[in-house]
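A.B. asks: dropping a prediction and its sequence here:
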Amino acid sequence: MTTETKESRNAPEALPLVRAEGVRKSFGDNEVLKGIDLHVQSGEVVCLIGASGSGKSTFLRCVNHLEKIDGGLLWVGDRAVGYRIKGDKLHEQSHNEICADRTDIGMVFQHFNLFPHMTVLENLMEAPLRVLKQRRPDVRRRALDLLEKVGLSEKADAYPRHLSGGQQQRVAIARALCMQPKLMLFDEPTSALDPELVGEVLRVMKDLARTGMTMIVVTHEMGFARDVADRVVFMHGGRIIEEGPAEEVIGNPQHERTRAFLSAVL
Amino acid sequence: MSSAVTASKIGTTDRGQFTVVSARHPWRWVAGTAVAAVVILLLASAVSNPRFGWDKVALYFRDVAIVNGIGITLFLTVVCMAVGVGLGVVLAVMQLSANPVVKASASAYVTIFRGTPVLVQLLFWFNLSALYPEITFGIPGVSLDANQIITPLAAAILGLGLNEAAYMSEIVRAGIQSIDQGQGEAAGALGLSRIQTLTRVILPQAMRVIIPPTGNEFIGMLKMTSLVSVLAVPELLYSAQIIYSKNLQVVPLLLVASIWYIIVTTVFTVGQGYLERRFARGTSRSVPPTAAERVRKFFRVHSAQGSGKQGSGKQGLGKQALRKDAQS
């Protein structure tokens, strides 16, 4: 909470792209998020770090409503995630409204979740064609462009199964970008990869950060967090324990839990 | 098995100095001989026993009534499976619905239609007019005579199709549930609606799980149509029954029907293999060979025996076959 007030005082005039205010989430009796306050400015890269079970992935999944929050409010742009605000009432959104809001938010999963029955190009084109109803030639051009950017032009007609994990994850990033989102969420994007394949995925993410994309990244890659993140947020037991510039949190952690975590992973 | 190795050869690494002796399988020969003997005895009995009436089998094999019966059997199979698959998908989606009423209704349907014998269901539909002499659908002005609408064929389609839907819904549900949750999440995160997720992402992948048991259902349905002979629908079995009730050649005509059932199920099985390959696309590295490929491979191996000149992989096969020949 203290870091939160500091953050809002220092925040520029522009409205943050993501605003979490006291976000709570329980699975049965188990409260996984115990009041998360976090602002992410447009163009900012924020890394969420912490031990497994700290709630960082759950929070990320709340941002695009893959999980429904039980308390607090979560804003993306001028929209409350999962709700329509009318007067003093919060109306739960219909599934169609949730889908419409998700088109602005790209998500990359730990296990890629590419569609195995579609080629790489079809994976990229599916949602822009069916959801945004964009014209096929435009989508195709953009998809090929993105594949070139992630270095997989020659794999356009391959099936995901024939790609390495690193290649699959780069396709997954391109698939999310093909929707031209304002915000990208990464849920441990390199955790399922063989060590030698981590670099190629992080490189693509670094390039993306340089373009000014707003990114929230759940990761165990401290090197990436230090080099790329504008801000690092350390979570523990469903709370934000410490947050600040990457150098400070990773280089000079103030909280003992942060120190314990970092000494374990570094 | 390893070949005999002299002490001086231990420690050397060159495989070329050894002669490889393939493993012997004496019990295979024993089992093969025993089974072959039984088969030969059975065949001999079938040929020598005049009561099989093979001349009658040949006479009626392409009888016009029998061929028409096959037509009706195939028609019933295809229509009832279409009803079963269509309704089955709907029921499966209903069973996975979040709405408790929808879910419970689908479960009740499955319980009733799986819990009663299909023969009883057929008789129920056949006698529907006893229950509802007039069918109005609750709409004023609509009044249909049940006796005219529920013909034997309609009763057959209703009975077999609705029963099949209960089984198909379980198959489709298992298929849908076999798909990794991440697929639905990825589709949702991209903004695809529930229906788009189901039809574009989940079902195409579930088909791989759904197709093989559906093929079995199809073949099961083909044979189950013989039940509607009790409704006097002239499908394959009833057509045979009509003939043998006149000429009393019961066994030959049952043989005619059986042979036709085997022919049609075999054709379906081959088609099923092609369909499975189609839906395995992108999901597995090696797909099983099609029937045609298997036939080609069979002949390829045999030609390798003759020439002895083939690619490296096939050469091994050819040599093995030759060696087996030499043994026997």
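C.D. replies: Arrived safely, thanks for sending. Numbers count the residues shown, from 1 in each chain, chains lettered A, B, ... in the order given.
A.B. asks: now do the strands in the stretch 1-150 of chain B.
C.D. replies: B:134-135, B:144-145 (DSSP state E, counting those that start in this stretch).
A.B. asks: would you turn those into JSON lines with mean pLDDT, mean neighbour count and distance to A:Q167?
C.D. replies: (Each C-beta comes from the backbone N, C-alpha and C, glycine too.) Formatted as JSON lines, these follow (pLDDT from 0 to 100; neighbours: other CB atoms under 10 Å in any protein chain shown; distance: least, CB to CB, whole Å):
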{"stretch": "strand B:134-135", "mean pLDDT": "80", "mean neighbour count": "14", "distance to A:Q167": "60"}
{"stretch": "strand B:144-145", "mean pLDDT": "81", "mean neighbour count": "12", "distance to A:Q167": "62"}
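A.B. asks: gap between A:V18 and A:A80?
C.D. replies: 12 Å (CB to CB, to the nearest Å).
A.B. asks: and for those two, which residues touch both?
C.D. replies: Listed as contacting both A:V18 and A:A80 by CB atoms under 8 Å, 6 or more residues apart in numbering or on different chains are A:L74.
A.B. asks: just for the chain, where's the confidence low?
C.D. replies: Using chain A. Scanning chain A with the threshold set as pLDDT under 70 gives A:1-13.
A.B. asks: hmm, I had chain B in mind actually
C.D. replies: For chain B, the ranges with pLDDT under 70 are B:1-13, B:281-288, B:301-328.
A.B. asks: what residue lies at the spatial centre of the chain?
C.D. replies: By default, I'm working from chain A. A:L185 (1.3 Å; CA atoms, centre = their mean).
A.B. asks: let me rephrase: I mean chain B.
C.D. replies: B:N216 (3.2 Å).
A.B. asks: return the residues of the stretch 51-200 of chain B in contact with chain A.
C.D. replies: By CB under 8 Å from any CB of the partner chain, the residues of the stretch 51-200 of chain B that approach chain A are B:180, B:182-183, B:185-194, B:196, B:200.
A.B. asks: closest one of those residues to B:V67?
C.D. replies: Relative to B:V67, the closest of those is B:R200; by CB to CB it sits at 42.5 Å.
A.B. asks: ok, B:T265 - contacts?
C.D. replies: Residues near B:T265 by CB under 8 Å, 6+ apart: B:219, B:222-223.
A.B. asks: give me the buried subset of these.
C.D. replies: Neighbour-count burial (16 or more other CB atoms under 10 Å in any protein chain shown) applied to those gives B:219, B:222.
A.B. asks: out of the contacts of B:T265, the closest to chain A would be?
C.D. replies: B:I219 (25.8 Å; CB to the nearest CB).
A.B. asks: right, and that closest one touches B:V270 too?
C.D. replies: No. Under the criterion of CB atoms under 8 Å, B:I219 is not in contact with B:V270, lying 11.6 Å apart.
A.B. asks: A:P189 touches A:V108, doesn't it?
C.D. replies: Yes. Counting by CB under 8 Å, A:P189 does reach A:V108; the two are 5.0 Å apart.
A.B. asks: list the residues that contact both of those two?
C.D. replies: A:169, A:172-173.
A.B. asks: can you pull out the residues in contact with the longest helix seen in chain A?
C.D. replies: Looking across chain A with DSSP state H, the single longest helix is helix A:195-210. For helix A:195-210, contacts defined as CB under 8 Å, 6+ apart pick out A:45, A:149-151, A:164-167, A:169-170, A:173, A:177, A:184, A:186, A:189-190, A:193, A:215, A:217, A:221, A:224, A:227-228.
A.B. asks: equivalent analysis for stretch B:150-160, please.
C.D. replies: In contact with stretch B:150-160 (CB under 8 Å, 6+ apart) are residues B:76, B:79-80, B:83-84, B:118, B:121-122, B:124-126, B:128-129, B:221, B:224-225, B:227-228, B:231-233.
A.B. asks: swap the cut-off to 6 Å and go again
C.D. replies: If you take CB atoms under 6 Å, 6 or more residues apart in numbering or on different chains as the criterion, stretch B:150-160 is touched by B:76, B:79-80, B:121-122, B:125-126, B:128, B:228, B:231-233.
A.B. asks: around residue 225, count how many other residues there are.
C.D. replies: Went with chain A since none was named. Using other CB atoms under 10 Å in any protein chain shown, A:A225 has 22 other residues around it.
A.B. asks: nope, chain B please
C.D. replies: Neighbours of B:T225 (other CB under 10 Å): 25.
A.B. asks: one more: the one 4 residues further on?
C.D. replies: Applying other CB under 10 Å, we find 19 other residues in the vicinity of B:S229.
A.B. asks: contacting residues around it?
C.D. replies: Contacts for B:S229 (CB under 6 Å, 6+ apart) come out as B:237-238.
A.B. asks: try 7 Å
C.D. replies: By CB atoms under 7 Å, 6 or more residues apart in numbering or on different chains, B:S229 lies in contact with B:235, B:237-238, B:241.
A.B. asks: can you add distance to chain A and secondary structure and give those residues back as TSV?
C.D. replies: Supplementary listing: those in TSV, determined by distance: CB to the nearest CB, whole Å; DSSP: H, G, I helix; E, B strand; the rest coil:
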residue	distance to chain A	secondary structure
B:E235	37	coil
B:L237	40	helix
B:Y238	43	helix
B:Q241	46	helix
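A.B. asks: which of the three states applies to A:W75?
C.D. replies: Of the three states, A:W75 takes strand under DSSP: H, G, I helix; E, B strand; the rest coil.
A.B. asks: ok, and the closest non-adjacent residue to it?
C.D. replies: A:R19 (4.1 Å; CB to CB, 6 or more residues apart in numbering or on different chains).
A.B. asks: isn't that neighbour up against A:V76?
C.D. replies: No. With contacts counted by CB atoms under 7 Å, A:R19 stays clear of A:V76, the gap being 8.1 Å.
A.B. asks: between those two, tell me which one has more neighbours.
C.D. replies: A:V76 (23 against 19).
A.B. asks: that one and chain B, how far apart?
C.D. replies: Applying CB to the nearest CB, to the nearest Å, the value for A:V76 to chain B is 13 Å.
A.B. asks: that residue and A:V63, how far apart?
C.D. replies: On the measure of CB to CB, A:V76 and A:V63 end up 7 Å apart.
A.B. asks: ok, and the most crowded of the contacts of stretch B:150-160?
C.D. replies: B:V228 (28 neighbours).
A.B. asks: OK, contacts around it?
C.D. replies: Shown in contact with B:V228 (CB under 7 Å, 6+ apart): B:76, B:122, B:156, B:235.
A.B. asks: not counting its neighbours along the chain, what's nearest the second one?
C.D. replies: In this structure, B:L122 finds its nearest non-sequential neighbour in B:G159, 3.8 Å apart by CB to CB, 6+ apart.
A.B. asks: quick one: what helix or strand has the one you found in it?
C.D. replies: Using DSSP states H and E, B:G159 sits within helix B:152-177.
A.B. asks: so after that helix, what's the next helix or strand?
C.D. replies: The first helix or strand that comes after helix B:152-177 along the chain, using DSSP H and E, is helix B:181-189.
A.B. asks: how about the strands in chain A?
C.D. replies: A:18-27, A:30-40, A:45-49, A:71-76, A:79-80, A:83-86, A:89-92, A:105-108, A:183-187, A:214-218, A:231-236, A:239-244 (DSSP state E).
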